[in-house]
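> return a 3D structure for these sequence lines:
(chains A, B and C)
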Amino acid sequence: MLRSYLPAIVFLVLGGAVGGAFAVLNSVIGPRRATPHKQDPYECGLPSEVKRGMRFGISFYLIAMLFILFDIEVVFLYPIAVELRAYGSYALTETIVFIVLLFVAFGYVWRRGALEWR
Amino acid sequence: MIPLATAHLKGPHIDFAGLSPLIALLGGSVLVLIVGLLGSRWIRAQAVPSLSLGALGAALGLTIWQWNAQKSIVSGALRIDDLALVLNLVLIAGAACTVLLAWRSLAAREAAHGEFHALLLSSVAGMSLLAAAQNTVALFVGLELLSIPLYVLCATELKREHSLESGLKYLIVGSVGSATLLYGLAMIYGATGTTDFAGIASALSNGSLATDPLTLTGVALCVAGLCFKSSIAPFHQWTPDVYEGAPTPVTAFMAVTTKVAAFGVFLRFFDVALIDTQVSWGPALAVLATITILVGNVGALGQSSLKRMLAYSSVAQAGYMLAGVVVSTQLGVRATVFYLAAYLFMNMAAFAVIVARERQTDLGDSIGALAGLGRERPLLAWPMTISMLALAGIPATAGFMGKFYLIDAAVSGGYTWLGVAIVVGSMISLGYYLPVIAAMWMREAPAATSPNDASVLAPTPGPLPALAGGSSELDEDGGPLSGSQPEVLVVAVLAGAATIFFGVIPQPLFDLVHGAGSGLGLF
Amino acid sequence: MPPLSILLWLPFVCGLLGALASAVLARGGRTNAEASAGDASAASGRGAWGAPGVVALVGSLVALGLAIAYIADYKSGGAALQHVTDTVWISTLGIHYKLAVTGLNVFLLGLTTLLFAVATLAANLRSWERPRLFYFHFMLAESAVLGAFLAQDLALFVSFFDLMLIPFYFLIGGWGREPGRIKATIKLVIYTLVGSLLMLAAAIATGVLASQQGGGHITFVLSALHALPLSSGSQEWIFLFFAAAFLVKMPAFPLHGWMPDGYRAMPIEVLMVFSGVLSKVGAYGFLAIVLPLFPQAAVHFQTLMLLIALASILYGSAQAFSQTDARLIAGYSSVAQLGFITLGIFSLNSQGAQGALLQMVNHGLVVAPLLFIVGLLAKRTGGSEDVRQMGGLAFRAPVLASLFLVVALATLAIPGSSNFVGEFLILLGVFKAKLAIAIIAFSGVVLASVYALRLFIRAMHNRVGPSADSHEISILDGAVLAPLIAVIVFLALYPQLALHRSERSVKAAVASVQASTVPAQTVARVISGPRVVHRSATFADSVRTP
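Next up is the predicted model:
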C-alpha cells in the first residue's frame, strides 16, 4: 500500500533537494553588485514611471474574477454539446437548468453594478 | 471519428422525492437572490424574508412528507433516514428563527436582503447535505457549501470593523479546518480505496487496516478538521472572537445549526464508517470532550459580553454532545440528537433576547443591557431566564432532559467518568449562567439608558458605540429600533416555551429521536 | 382521598393563578401592554393583603388541610406505599411519575404544608415589591418541596430536589436584605447545586447500572431499584455523591459555608421555610433513598457519617453560643440539630432512625417560630438582630416572652418535649451502634440548653438594650406563632402519633441495611420475627411521655 507512494516521495525529496541546492548555491557563490538599475522592478525595461505605492483599481480584480467564473462555466458546456444526443433529454434539461442558473448569476452581477466601471 | 452516440447512455436515476427538501432550499436561495434585486426597499425588506421563510416552510413540509423513508439516493451519496430527517427539522427550525431575528437587522439590510437570505439558505442546504452524506465527497461538498456562505454572513455588517474581522478570522480558521479534514479524508481514501462510508467500514472491518498508520493518521486529521468546525477544544480559539464579532442573528445561526451539521457528520462518519477504529478514536474523543467541557466552562466565567459567554458555553455544550458520539451506541446517537434539538430551543431564546436588547439599548450585548429586565420587560426576561436555567441543566427544562439522556448514554456505554465530567462542567457553568439571571431580576436598570428614551441614542454622530463588541442597530430613520419587534419576541417566547414544554413532557421529542439511533446499525 | 397530585400541584397553581389574576386585573384599561407590567406590579399589590398573597394563603391552607387528612388517614399497619399515583412520565428513560405517602414522609408533608401556610400568613403581614412574582416563587417552592418528599422515583426525586432551589434563588436574590444579597444567593445556589448535580450523575448511574445488572429495561422507580442491588464498589462512590448533596442541603459541618451569608440575606418569612423544611429534605433523602438503595455503602461509611454528624453537633453548638446575630444563633443551632438527625439515621437501627424522623419534624417546628420571633424582636430594636442590642424585651411583652420561652425550651429538648423524645431515641440508637460517639454526642444536648437559654435571656431579660423599644405581640403576629406552638405542645403530649405511624416504614428502611450486614438466616427474623416486634413495643412504651 505505502509502496505506491514511493515515487511521489522520491519526487518530493529530489525536487526539494535540487531546488534548495540551486537557491543556496546562488546566494553563496553568486556575485552581488547592487546598482540602481539592478533594483528596478524591470531591469531591462524602460525606467518605471509608476510610484511604488500605487494601487491597482479594485475593479480590475472584480472584472477579472467574473470573467474567470463565467469563462470556466461556459467551458463545461462544450463536452455536453458534443455528447448531447447520447444522453438525450436528461442532459438537455440539466444543461438548461445550468444555463438558467448562469443567467441568474449574470443578472445578479449586472443589477448589482459589478459590470460598471468605477 | 467513432460515433459515440450509438452507445445508448442513460442518465442516472434520480430520486427527486428524496432530494426535494434540498431542492427547495437551493431553489429558494436562487429565488430570493433574484427578488432581492427587484423593486423598492419595501419589497426587499419584507418580501425577501417572507420568501425565505416560505422556502424553509416548503423544505419543512417536504421533509415531513419524506418521513419514514429509508433510502439511499444519488447513487448512494446521500442517505435519507430518520437521522437525516430529524436533523433537517432542527436545521430548518434554526434557520427560520434566524430569518425572524434578522428581519430588521442591519446585517440583512447592508447585504441588500437578497444576498443575506440567499447565503443563509444555501448554508442550510449545505448542512442538510452534510446530515445526509454517505460518502466523503458529499461530506466535503456539504461542508464547503455550509462554510463559505457563513464566512460571508459573518462579515455582512460592512461598516463595523468587528464584523469584518470576524468574517476574515472565520474564513482563515475555517479553511484550515476544511483543509485538514480534506487531507484526512484523502488519507482514509488512500488506505481503504473507497469514498463510500459503508465501503470504508467494510474495508476497515477485515484485515489489519484498522490499525494501519495511514488510516489512523487520516482519522486523526478528520477529528482535528471536524473539531475546528464544531469548536471543540483545543481547536476552539476562534469561537469567541467570531461569535462576538458576527451580527447577532448570524451568531445565533452559527451557534445552533453548524453544531447540528457537525454532529451529524460526527455521528455518520465516526459511528458508521470508522466504527472499527473506535478503539483508537473513542478514548481520544472522550479526552477531547472532557477538555472541551472544562475549557468552555472555565472560559465563560467572568465574560461580560453575552455573545462571548454564549460562545464559550457553546464550546462546553459541544463537549457534552461529544459524549454521545464517543460511546458509539444507539443510545448515544439518540442522546446527541436529543440534545441538539434542546440546544436549538435554549440558544434561540437567549439570542433572541440579546438581539432585542441590542436594538433597545446602546449597551450592545454586554450583560449590563439585561439589568432590570425582569421589571421592565418580563416577556424578554422570562425566556432568557429559562434559557439560562436550561443551559445549566435545571429540572423541568429541556436542557435537564438532554443532560440526563447524555449521562445515561455515557454510563451505559461504560464511560461513567465522562458522565461525571458533564456534571462537573454543569457545576462550573452555574458560575456564569446565574449572574445573568441575577442581572435581570435582582439589579436595577441603569438610569442613564432607559430604553424608550430616544434622545439618548438619536444624535449619535460618528462610529456607533460598540461596547463589548455588540452591534447597535439603527433603523432606517437613524433612530433607535426600540419600538415593537414582534418577530423577535415571538422567537424568544416560543423557544422559551418549547424549552419548558420539552422539559416537562419530553416524550414526543424522545419518540422523534428514537428512529435516529436505529438507522446507523449500532448496538 | 383526592389524588396526591392535587396536594402536590395545588400551591403552584395557586401561585400562578394569583399572579395571573392580579396581572389581568391590574392591566385593565392600560394600552401599552409591556410597559405596564412594571408599573402594574408596583401599583396593584403594594399594600399588604394583595390578591396574590391571599390566593397563595388560601392555597397553602388547603394544602395543609389535605396533608392533615393524609396524616389522619394514614394506616399504620405496614410499610406499604399508600395513596399511590403511578403513571409513566418518560417511557424512554423508565421514569415514572410515582407519588405515594409512606410512614417516612407523611409527617414531613404535614410539617411542610404547616410551615408554608404559616410563612405565607407571615408574608401577608407585610408588603412586598413585585408581590405576584414573590408569591409565585414562594408557592413554586412549596410544590417542589412536596414533590421531593412524595416522589417514589429516583429521577423524579432528583428533579424536585434540584428544582426547589430555583424559587429560593429568586426569593433570596430578589427580596433579600443588603448587603451581600446577590453574593449570598450565588454562593448558596452554587453550593447546593454542586451537591445536587453530583447526585444527578449518581442517580443516573444507579438506574443504568441496576438495569444492566438486572438485564431489564432501565428504570428509576425506587421499589424496582430496591430489588436490583448494586455491587458494593458502585454503591460506594454513588453513596458519596448522594451524601454530598444531602450534607450540603442540611447543612453539615464542613459543607455549611453558604449558611451564614444565606441566613443573613434571606427575608425572615423565606428563612422560616428554608430552615424549617429544606434542611429536612437532605435528611429525608438519607433515610428514604440512601439507606434502602445503598445499604452496603451505608455500613461502609457509617463511622465517617457519624463523625461528620458529631462534628456538626459540636461545631454548631459552639458557634451558636458565640454568635451575636440572633439569626445565626438559630442557623448554627440548626447545624447542630441536623447533626443529631444524621447521627440518628446512621446509627443504622430503628430507634435511631425513628428518633431522627421525629426530630426532623420537631426541628422544623421549633426553628420556624424561633426565626419568626427573631424577626419580631428586630422590630423592637430598630431593625437590629444583634442580641447585644436586645434585652429586657419581656417586660412590655409578656405574651411574646412566654411564647418565646416555649420555643426555647423545646429547642433545648427539655424533658417532656417532643424534642426530648427525639434526641433520646437518637442517642439510644447511637449507644447501640457506637458507644464512644454517643457519649460525646451527649455534650451536644448540654450545649443546646446553653445556647437556647443564652438567646432567650439576652433578648428578653437582662438590662434593657440600647435601642430596645418593646411592645406586645400583635394578634396577627400571634396568629402566625399560635399554630406552631400548638403543634409543639401537642407533639410533646402525644409523640406516639408520629412514632406509631412511622414505625413500620422506618424499620423497612433500616432493615435493608441490616440485611446487608447480618447473615441471611437472621435477616428474616430481624425483618419479620417476633423478637423485634416485642422489643419495639417495649421501647414505644418507654417513650410514652410523662
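
> residues contacting B:Pro234?
Counting by C-beta atoms under 8 Å, 6 or more residues apart in numbering or on different chains, B:Pro234 makes contact with B:Ile291, B:Val295. The C-beta positions use only the backbone N, C-alpha and C, and glycine is treated the same way.

> does it count as helix, strand or coil?
Three-state secondary structure (criterion: DSSP: H, G, I helix; E, B strand; the rest coil) places B:Pro234 in coil.

> most centrally placed residue in chain A?
A:Ile68 (8.5 Å; C-alpha atoms, centre = their mean).

> separation between the residue of the stretch 151-300 of chain C found nearest chain A and chain B?
The minimum distance from the stretch 151-300 of chain C to chain A, using C-beta to the nearest C-beta, falls at C:Gln212 (40.9 Å). According to C-beta to the nearest C-beta, to the nearest Å, C:Gln212 and chain B sit 7 Å apart.

> please look at that residue and B:Ser412 and confirm they touch.
Yes: using C-beta atoms under 8 Å, C:Gln212 is in contact with B:Ser412, at 7.3 Å.

> which one of the two has more residues nearby?
The residue with more neighbours, out of C:Gln212 and B:Ser412, is B:Ser412; 23 against 15, by other C-beta atoms under 10 Å in any protein chain shown.

> got any ranges where the chain has weak pLDDT?
Chain wasn't specified; assuming chain A. Scanning chain A for pLDDT under 70 picks out A:1-2, A:41-43, A:45-54, A:118.

> the intended chain is chain C.
For chain C, the stretches with pLDDT under 70 are C:27-48, C:467, C:517-546.

> interface residues of chain A facing chain B?
When proximity is defined as C-beta under 8 Å from any C-beta of the partner chain, chain A approaches chain B at A:1-2, A:5, A:83, A:85-88, A:90-91, A:94, A:101, A:104, A:107-108, A:111-112.

> of those, select the buried ones using a PyMOL command.
The PyMOL selection below is limited to those of the residues of chain A next to chain B classed as buried (16 or more other C-beta atoms under 10 Å in any protein chain shown):
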select buried, chain A and resi 86+87+91+108
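
> mind listing what's buried along the longest strand seen in chain C?
Counting residues, the longest strand in chain C under DSSP state E turns out to be strand C:82-90. Neighbour counts over strand C:82-90 (16+ other C-beta under 10 Å) mark C:Gln82, C:His83, C:Thr85, C:Trp89, C:Ile90 as buried.

> and the residue nearest to the centre of chain A, how close does it get to A:Phe60?
A:Ile68 is 13 Å from A:Phe60, where distance means C-beta to C-beta, to the nearest Å.

> check B:Phe263 too.
Note on B:Phe263: its distance to A:Phe60, by C-beta to C-beta, is 43 Å.

> try C:Gly59
Distance from C:Gly59 to A:Phe60, by C-beta to C-beta: 77 Å.

> which of those two has more neighbours?
More crowded of C:Gly59 and A:Phe60, by other C-beta under 10 Å: C:Gly59, with 26 against 10.

> so that one is in which element?
Assigned by DSSP states H and E, C:Gly59 falls within helix C:51-73.

> run the contact check for that helix versus chain B.
No: for helix C:51-73, no contact with chain B is found by C-beta under 8 Å from any C-beta; the gap never falls below 14.6 Å.

> distance to chain A added to the buried residues of strand C:82-90, as CSV?
Listed next are the buried residues of strand C:82-90 as CSV, based on distance: C-beta to the nearest C-beta, whole Å:
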residue, distance to chain A
C:Gln82, 71
C:His83, 69
C:Thr85, 61
C:Trp89, 51
C:Ile90, 48
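
> quick check: the residue of chain A nearest chain B.
For chain A, C-beta to the nearest C-beta, closest residue to chain B: A:Tyr90, 3.1 Å.

> now do the SS call for that residue.
Once three-state DSSP is applied, A:Tyr90 turns out helix.

> quick one: the strands in the chain?
The chain I'm using is chain A. Using DSSP E, strands in chain A do not occur.

> the chain in question should be chain B.
Counting by DSSP E, chain B has these strands, from start to end: B:71-73, B:78-80.

> tell me how far the last one lies from the chain's centre.
For strand B:78-80, the separation from the chain centroid amounts to 20 Å (computed by C-alpha atoms, centre = their mean, to the nearest Å).

> kindly report the same for stretch C:500-515.
The answer for stretch C:500-515 is 20 Å, by C-alpha atoms, centre = their mean.

> do the same with stretch B:303-321
With C-alpha atoms, centre = their mean, you get 12 Å for stretch B:303-321.

> A:Asp71 - how many residues pack around it?
Neighbours of A:Asp71 using other C-beta under 10 Å come to 9.

> stretch B:320-327 and chain C, any residue contact?
No: residues of stretch B:320-327 are not located near chain C by C-beta under 8 Å from any C-beta, the shortest gap being 11.6 Å.

> how far off centre is that stretch?
With C-alpha atoms, centre = their mean, you get 16 Å for stretch B:320-327.

> ok, now stretch B:410-429?
Distance, stretch centre to chain centre, for stretch B:410-429: 23 Å (C-alpha atoms, centre = their mean).

> does it come close to chain C?
Yes: judged by C-beta under 8 Å from any C-beta, stretch B:410-429 comes into contact with chain C at B:Val411, B:Ser412, B:Thr416, B:Gly419, B:Val420, B:Ile422, B:Val423, B:Ser426, B:Met427.

> run through the residues that contact the fifth one.
Under the criterion of C-beta under 8 Å, 6+ apart, the contact partners of B:Val420 comprise C:Leu198, C:Ala201.

> hmm, try it at 6 Å
By C-beta atoms under 6 Å, 6 or more residues apart in numbering or on different chains, B:Val420 lies in contact with C:Ala201.

> tell me where the stretch 151-300 of chain C has strands.
Assigned by DSSP state E, counting those that start in this stretch, the stretch 151-300 of chain C shows no strands.

> which residue does it bring closest to chain B?
Using C-beta to the nearest C-beta, the single residue of the stretch 151-300 of chain C nearest to chain B is C:Ser159, 3.7 Å away.

> what does the stretch 1-150 of chain C give?
Counting by C-beta to the nearest C-beta, the stretch 1-150 of chain C gets nearest chain B through C:Thr92, at 4.1 Å.

> what values do phi and psi take at that residue?
C:Thr92 adopts backbone torsions of phi -60, psi -40, taken as degrees, to the nearest 10.

> cool, and C:Gly50?
When quoted as degrees, to the nearest 10, the phi and psi of C:Gly50 stand at phi -80, psi 170.

> distance of it from B:Asp212?
For C:Gly50, the distance to B:Asp212 - C-beta to C-beta - is 75 Å.

> who has more neighbours out of the two?
A side-by-side neighbour count of C:Gly50 and B:Asp212, using other C-beta under 10 Å, places C:Gly50 first with 23 against 19.

> now the more buried one: closest residue in space that isn't a chain neighbour?
Nearest residue to C:Gly50 in three dimensions, chain neighbours excluded: C:Pro131, at 4.9 Å (C-beta to C-beta, 6 or more residues apart in numbering or on different chains).

> isn't B:Gln134 up against B:Ile80?
No: in this structure B:Gln134 lies outside contact range of B:Ile80 using C-beta atoms under 6 Å: 9.9 Å.

> report how many residues lie close to B:Val137.
The tally of other residues near B:Val137 (other C-beta under 10 Å) stands at 14.

> please apply the same query to the one 10 residues further on.
The number of residues packed near B:Ser147 is 20, by other C-beta under 10 Å.

> residue contacts, it?
Contact criterion C-beta under 6 Å, 6+ apart gives B:Gly174 as the residues in contact with B:Ser147.

> from C:Gly173, how far out is the residue nearest to B:Phe502 when sequence neighbours are not counted?
Ranked by C-beta to C-beta, 6+ apart and with sequence neighbours excluded, the top spatial neighbour of B:Phe502 is B:Ala398, at 4.1 Å. Remark: distance between B:Ala398 and C:Gly173 (C-beta to C-beta) = 24 Å.
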